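>>> Model the structure of this input:
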Amino acid sequence: MEERSYSFYGWECADVPIQVEGYPDIQTPRDLYDALSTIWCADTCAPRMREQWTEENKTLGQCSITAFLVQDLFGGKVYGVLRPGGNYHCYNVVNGKTFDLTSEQFGDEILSYEDNPEQLREVHFAKEEKRLRYEFLREELIRRYGA
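Residues are numbered from 1 along each chain as shown. Modelled structure (predicted):
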């Protein structure tokens, strides 16, 4: 079977094995990307970006909730690229492999994935709306793709 190519940053190395059971169709972060592509929506988008969210740019405003979900399933750490305005764009590093399931939202912009600070869910989920979006995304993943 021919391997599919993706457009998100680090897709070539996003092949680390899942660390939890219960998702028979999700074995790698690429599989998770495929699953989340059916779930990401305006309701899971960060409120400040919701008006710009479209089906063509599904990953817009989904970074932190996605990165922490990746961490739940694959382990590793979540890091953040400081963005104009003071927010962090979150991505994952698992077993030395760096990938960003939501990088496509930036189009042709090149982000630096080196020397960025670790991001902690306690800090991100102190914002109730973000925690609720994460819980919705996680529950939809379980509902649609869980065993």
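>>> what residue ranges in this protein score low on pLDDT?
1-3 (pLDDT under 70).
>>> Quickly find the element holding the residue lying closest to residue 20 once chain neighbours are set aside.
Nearest residue to residue 20, sequence neighbours excluded (C-beta to C-beta, 6 or more residues apart in numbering): residue 73, at 5.7 Å. From N, CA and C alone the C-beta is placed, and that goes for glycine too. Element membership for residue 73 (DSSP states H and E) is helix 63-74.
>>> So for the helix or strand just after that helix, what gets flagged as buried?
For helix 63-74, the following helix or strand on the C-terminal side (DSSP H and E) is strand 77-82. Counting neighbours by 16 or more other C-beta atoms under 10 Å, one finds that the buried residues in strand 77-82 are 78-81.
>>> what angle sits between strand 77-82 and helix 63-74?
On the basis of axes from the mean of the first three to the mean of the last three C-alpha atoms, to 10 degrees, strand 77-82 is oriented at 160 degrees to helix 63-74.
>>> what's next to strand 77-82, contact-wise?
64, 67-68, 70-71, 88-94, 111-113, 116-121 (C-beta atoms under 8 Å, 6 or more residues apart in numbering).
>>> Same question for stretch 109-121.
With C-beta under 8 Å, 6+ apart as the criterion, stretch 109-121 contacts 9-10, 64, 67-68, 71, 77-82, 88-91, 98, 100, 103.
>>> Since that was my last question, I'll sign off now.
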